[in-house]
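Asks: Provided below for reference: sequence and predicted model.
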Amino acid sequence: MKKDTDAPHNPPSGNVAFWYDPRKRSIFYQLGVMAMVGLLGYYLVSNTLANLERQAIATGFGFLEKEASFEIGESVIPYSAADNYTRALLVGVVNTLLVSFIGVVLTVILGTIIGILRLSTNWLVSRLAAVYIEVFQDIPVLLQLFFWYALFYEVLPSPRQALSPFAGVFMSNRGLVIAIPEYAPAHMYMGIAFLTGCLVIYFLRRWARKRQAKTGEYFPVFSVSIGLLIVLLLLAWLAGGAPTAMSVPQLKGFNFQGGQNISPEFSALLLGLVLYTAAFVAEVVRAGIQSVSKGQREAAMSIGLKPGQVLNLVILPQALRVIIPPLTSQMLNLTKNSSLAVAIGYPDFVSVAGTAINQTGQAIEGVAMIMIVYLCLSLSTSAFMNWYNKKVALVER
Amino acid sequence: MQVASCRLLGKAQEEKNEQNDPNELNEHMEAIVDKNAVETIKPPVTQVGVVGWIRTNLFKGWLNSILTLITIYFLWVTVPPLIRWAFIDSLWVSSGAQCQQTEGACWSIIPANIRFITFGFFPYDQQWRPFVAMGLLVALLFYSRNRHHWKKHLAYAWILGLFLMGLLMKGGIFGLTSVESSQWGGLPLTLLLSVFGLTAAYPLGVVLALGRQSKMAVVKTLCVMYIELIRGVPLISLLFMSSVVFPLFLPEGVNINGLIRAQVAIILFTAAYIAEVVRGGLQAIPRGQYEAAESLGLNYYLTMRLIVLPQALKIVIPPSVSILISAFKDTSLVVIIALFDFLKTTKTVLNDPQWMGFSAEAYIFAALIYFLCCFFMSNYSRRLERELERGL
């Protein structure tokens, strides 16, 4: 920002001492800073090397090939204690990604709903949303995690007396068990049908946009897409023989068999993160919607757009521009906060890396890996969101 | 024309008076207003008063009505049992054994353990010291709330206050017995970590922000790298670093205790966020200010100190309060490296066999304390923002 202010400086003539020449002075300063950072780095590294040698701690990433020999509570990819550290850490990364991804999706949905409710003209609803936002923002997320985890353990009964709010769903202190459809080939067909449907919708949308730009005729993309998806999925399901078999959880011994088990750690972590971050997202969404001036809505209605079109074509594109940057930082916050899993015993990356540090004593490598993994996650998320932001950004002439 | 407007005016005034005090000014009215000339038409009952309010705010349109009914049903289902649990069936002063019998909440866990929850392992007979230190902090915060007190003497008061607080906690002179920082705990520790953290992080953050704006490539690169690195990783990784890697950085024989290491990690972390906030303030200063300062012949240091920073820092006061709030909440993460902050002392009480199983009550109490602190701070930041916007 100061670039231009220095333009008037004339190149100093030869008889000016070098310490009055801003350009030479700046080089001198930079050399000084580099020297200081270098010295600090040298001091730390030499201390560290001496300490490592004295305490006989191995260095390098050789330990990644060794047998991990610790169990991990839950894992998406197959893992056993006989696998090496690389695999164990990979399990941690996948768990972190899983909880972050599901968390971000749920948070955006919940946050948007609460943000809209906060703006409702309904006094009761808007007040309740305000209370929610204020309360959940002001309590540390770690405390919330502890609270939900304790609730899962203390309030919920043992599997024998499990609560069943809906048929096929059982809540107990061993976690949440839900009935899922038994695997059948039809499900794969449905997956393929879904992907095909998405592809078709993408082209449909492009075509509709082009047509609208050319002729002004409007095509109801949204309702057609929904209909198309439903029909495709239904057809695929029928083509696969319409399987209806469900894997229903059955109480056997002390725990449930069958169904999909969601551990109390995962549930508490997800619940805590989503409820906490949704409060912030709600504020972001509210601010975004309020940033669109009332005149825009009125103008859109006066040229005869329907309420849905007003929202889709006028309000949302403008609100999104305001919403996306802070929303990105909330997504990143959720991803980073998922590292609190270590406090309630969900084996996310920090937790697994912490165990590895304890076992091998190679703290520097462990902490470095934690930082690198989160840095990669943060940078890739913000790169994606920046790309999206550019897409929705205002194109000025 | 004149008369009519006079009447209308009189009418309006009369209506206003009727609401406040009917007798006052009435004789003045009598002279110019013919009471029967304009008939008073009251708005329909459905648009004013309680009924009108309910109609416009709760039952405007069928969607709104359904939303209201669902909400009322939801509240009806959840609130009465909660009140019953928290207030009617609850025990406030009892032993843990009595608590096991009751259906309601067992708030007795709080009064029975309040001193441990608040002060942790601080020696029992010395606990007045952290109490006084906290009182000092609260008094300073309250005094600083008023913007008219923001003068030089306030800065000195803060420096003196922080020094006194440290003295009270540490002891060792003036006949106070020395208390090791490993024995500090509870609420004082939480406040200490956040307030000292922010105070120490602020100058660092300002330097980083200036560095990021610098034209010097080396300085700029270093600052950008630092800020982005810290903002990209979770606080836990820094706390891990403070507990397991910092000791390796130090020369042989030098030991720094865990509290200070955690404090350093929090300072390093907070500084990066402050740097970003301050950068926002710096970018909001128009270029004319820099140019004017340069044309006066001020050098970089004086330009920043006298012209740019005073304006930029004023803009960023409200977001800085938000950083204080998140720093306050984030200090709870020191639980993970086993420091006894407020959350950890609360959690420790739950390990006592007598009080096992009353987590909900204990956590709700802790949440209430955190909530009250953050709520006051965020309200204050909002008020400040409004005041600064109006240029008061």
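Replies: Everything's here; your move. From a predicted model like this one, the values you see are computed outputs, not experimental measurements.
Asks: got any ranges where chain B has weak pLDDT?
Replies: Along chain B, segments meeting pLDDT under 70 span B:1-38, B:45-46, B:96, B:175, B:390-392.
Asks: output the longest helix belonging to it.
Replies: Secondary structure assigned by DSSP state H gives helix B:359-389 as the longest helix of chain B.
Asks: quick one: contacts for B:Leu259?
Replies: Listed by CB atoms under 8 Å, 6 or more residues apart in numbering or on different chains, the contact partners of B:Leu259 are B:Ser181, B:Ser182, B:Trp184, B:Leu189, B:Leu339. In this view, the C-beta of every residue, glycine as well, is placed from N, C-alpha and C.
Asks: now the last one: closest residue in space that isn't a chain neighbour?
Replies: It refers to B:Leu339. B:Ala262 (5.8 Å; CB to CB, 6 or more residues apart in numbering or on different chains).
Asks: OK, contacts around that neighbour?
Replies: B:Leu193, B:Leu239, B:Ser242, B:Ser243, B:Val334, B:Ile337, B:Leu339.
Asks: of all these, which two lie farthest apart?
Replies: Largest separation among these by CB to CB: B:Leu193 and B:Ser243, giving 14.2 Å.
Asks: more neighbours: the two, which one.
Replies: B:Leu193 (27 against 20; other CB atoms under 10 Å in any protein chain shown).
Asks: ok, and what's touching stretch A:87-94?
Replies: With CB under 8 Å, 6+ apart, stretch A:87-94 has contacts from A:64, A:68, A:70, A:72, A:75-77, A:79, A:347-353, A:355-356, A:369, A:373.
Asks: let me see the mean pLDDT of it.
Replies: Looking at stretch A:87-94 alone, the average pLDDT works out to 87.
Asks: and that stretch, C-alpha only, in PDB?
Replies: Output of stretch A:87-94 as PDB, limited to C-alpha atoms (Å, rounded to 0.1, in the frame of the first residue of the first chain):
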ATOM      1  CA  ARG A  87      -0.900 -47.000   8.500                       C
ATOM      2  CA  ALA A  88      -1.800 -45.900  12.000                       C
ATOM      3  CA  LEU A  89      -1.300 -42.300  11.100                       C
ATOM      4  CA  LEU A  90      -3.300 -42.800   7.900                       C
ATOM      5  CA  VAL A  91      -6.100 -44.100  10.000                       C
ATOM      6  CA  GLY A  92      -5.900 -40.900  12.000                       C
ATOM      7  CA  VAL A  93      -6.000 -38.700   8.900                       C
ATOM      8  CA  VAL A  94      -9.000 -40.600   7.500                       C
END
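Asks: isn't A:Pro159 up against A:Gly175?
Replies: No. Counting by CB atoms under 8 Å, A:Pro159 does not reach A:Gly175; the two are 9.3 Å apart.
Asks: from chain B, how far off is A:Thr277?
Replies: 13 Å (CB to the nearest CB, to the nearest Å).
Asks: make sure I have this right: A:Met171 is in a helix.
Replies: No. Per DSSP: H, G, I helix; E, B strand; the rest coil, A:Met171 lies outside any helix segment and is strand.
Asks: for it, name its beta-bridge partners.
Replies: A:Leu163, A:Leu176 (DSSP bridges).
Asks: next, count neighbours for it.
Replies: 21.
Asks: touching, it and A:Pro165? I think so.
Replies: Yes. Contact criterion CB under 8 Å: A:Met171 and A:Pro165 qualify, at 6.9 Å.
Asks: run a quick neighbour tally on residue 87.
Replies: Defaulting to chain A. When neighbours are counted by other CB under 10 Å, A:Arg87 registers 19.
Asks: wrong one, chain B
Replies: Neighbourhood size, B:Phe87 [other CB under 10 Å]: 12.
Asks: how close does it get to chain A?
Replies: With CB to the nearest CB as the criterion, B:Phe87 and chain A are 18 Å apart.
Asks: list the residues that contact that residue.
Replies: Counted by CB under 8 Å, 6+ apart, B:Phe87 has contacts B:Gly104.
Asks: run a quick neighbour tally on the residue of the stretch 151-300 of chain A found nearest chain B.
Replies: Here the stretch 151-300 of chain A gets closest to chain B at one residue, A:Glu154, 5.5 Å apart by CB to the nearest CB. Neighbourhood size, A:Glu154 [other CB under 10 Å]: 14.
Asks: tell me the contacts of it?
Replies: A:Asn173, B:Gly357, B:Ser359, B:Ala360.
Asks: let's see if you can find the most crowded of those residues.
Replies: Ranked by neighbour count (other CB under 10 Å), the contacts of A:Glu154 have B:Ser359 at the top, with 22 neighbours.
Asks: near chain A, which residues of the stretch 151-300 of chain B? Just list them.
Replies: Contacts of the stretch 151-300 of chain B with chain A, taken as CB under 8 Å from any CB of the partner chain, map to B:213, B:215-219, B:222, B:229, B:231-237, B:240-241, B:244-245, B:247-252, B:282-283, B:287, B:290-291, B:294.
Asks: which stretches in the stretch 151-300 of chain B count as strands?
Replies: Counting by DSSP state E, counting those that start in this stretch, the stretch 151-300 of chain B yields no residue ranges for strands.
Asks: let's see if you can find the most crowded of the contacts of B:Ala262.
Replies: That'd be B:Val334 among the contacts of B:Ala262, by other CB under 10 Å, with 29 neighbours.
Asks: wait, that residue touches B:Leu193, no?
Replies: Yes. The pair B:Val334 / B:Leu193 is scored as a contact, 6.7 Å apart, by CB under 8 Å.
Asks: overlap in contacts, these two.
Replies: Common neighbours of B:Val334 and B:Leu193 (CB under 8 Å, 6+ apart) are B:Ala262, B:Asp341.
Asks: next, count neighbours for A:Leu143.
Replies: 25.
Asks: correct me, but it touches B:Leu333?
Replies: No. Look at A:Leu143 against B:Leu333 with CB under 8 Å: they stay out of range, at 10.5 Å.
Asks: next to chain B, which bits of the stretch 151-300 of chain A? Give me the list.
Replies: Close to chain B, as judged by CB under 8 Å from any CB, the stretch 151-300 of chain A has residues A:Leu151, A:Tyr153, A:Glu154, A:Val155.
Asks: so who does the last one touch?
Replies: Spelled out, it's A:Val155. A:Val155 touches B:Ala360, counting by CB under 8 Å, 6+ apart.
Asks: read off the pLDDT value for it.
Replies: pLDDT, A:Val155: 75.
Asks: how near is it to A:Trp148?
Replies: Distance of A:Val155 to A:Trp148, given as CB to CB, to the nearest Å: 10 Å.
Asks: what do you get for the third one?
Replies: If you measure A:Glu154 against A:Trp148 using CB to CB, the figure is 11 Å.
Asks: quick one: which of the residues of the stretch 151-300 of chain B next to chain A sit in helices?
Replies: Per DSSP H, those map to helices at B:213, B:217-219, B:222, B:229, B:231-232, B:235-237, B:240, B:247-249, B:282-283, B:287, B:290-291, B:294.
Asks: what sits up against the helix or strand where A:Val231 lies?
Replies: Secondary structure assignment for A:Val231, by DSSP states H and E: helix A:221-239. With CB under 8 Å, 6+ apart as the test, helix A:221-239 has contacts from A:186, A:189-190, A:192-194, A:196-198, A:200-201, A:204-205, A:208, A:243, A:312.
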